[in-house]
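**Student:** below is the sequence, then the predicted model.
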Amino acid sequence: MEMKTKQITSCENEILMQSMRENVTSQNEPKVGLFWYNPERNRLCGVSSAFASELPFNKVGRKTVRTLHRTTWDKVRKDAIAIGSSDAIWQEKDYTQIPRGRVFQNDVAGEPYFEILVGSWLEDYPHAAELIIEEFNLSDSNYDFVHSVHWDIGYGTSELFI
């Protein structure tokens, strides 16, 4: 299949560059989203996030990405295997068996407030908290880590009924 490409003009290029320049200062804005934690590498993986400022509050007054862990795991897993990762977590087909969590933004008295919902697994991997704060640009924000059984290892099948 032959692919045709179009050459943009210098004027069009300048418009595109200006659009990107406008985004430079927003790169450190807080984000919301979901993640898994890979204990073998001490890294987050499968992160799906968005700048909180770009999303509306839902009906219950929270912001997060619309992506669900259960619909994301197969793709994340296949991508990791495709690039040759041999980490033990990629052998797991059940996304609930891997440490995971979700970041929400709430509006508390007109101030942004972030909740990082995780399972009790965070007690075993306390360094993961720093990785989450960094990944979601929360260091200058009001946030709390909140335990929810939904994000405990082996739980979360209730997503099937969402």
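**Tutor:** Great, that's in hand.
**Student:** and residue 43, how many neighbours?
**Tutor:** 15 (other CB atoms under 10 Å). Where C-beta positions appear, they are placed from N, C-alpha and C, glycine not excepted.
**Student:** what sits closest to it if chain neighbours are left out?
**Tutor:** residue 131 (6.8 Å; CB to CB, 6 or more residues apart in numbering).
**Student:** correct me, but that neighbour touches residue 45?
**Tutor:** No - counting by CB atoms under 8 Å, residue 131 stays clear of residue 45, with 10.3 Å between them.
**Student:** common neighbours of those two, please.
**Tutor:** By CB atoms under 8 Å, 6 or more residues apart in numbering, residue 131 and residue 45 have these common neighbours: residue 37.
**Student:** which residue ranges form the strands in this structure?
**Tutor:** 31-38, 43-51, 62-63, 100-108, 111-118, 142-147 (DSSP state E).
**Student:** other SSEs contacting the fifth one?
**Tutor:** In this structure, strand 111-118 packs against strand 100-108, helix 127-135, strand 142-147, with contacts taken as 3 or more CB pairs under 8 Å, 6 or more residues apart in numbering; DSSP states H and E.
**Student:** what's the neighbour count on the nearest residue to residue 63 once chain neighbours are set aside?
**Tutor:** Nearest residue to residue 63 in three dimensions, chain neighbours excluded: residue 105, at 4.2 Å (CB to CB, 6+ apart). Neighbour count for residue 105, taken as other CB under 10 Å: 24.
**Student:** with residue 101 instead?
**Tutor:** By other CB under 10 Å, neighbour count at residue 101 equals 25.
**Student:** over to residue 76?
**Tutor:** Using other CB under 10 Å, residue 76 has 19 neighbouring residues.
**Student:** and for residue 24?
**Tutor:** For residue 24, the neighbour count with other CB under 10 Å is 7.
**Student:** quick revisit: so how far is residue 77 from the residue nearest to residue 43?
**Tutor:** Distance of residue 131 to residue 77, given as CB to CB, to the nearest Å: 20 Å.
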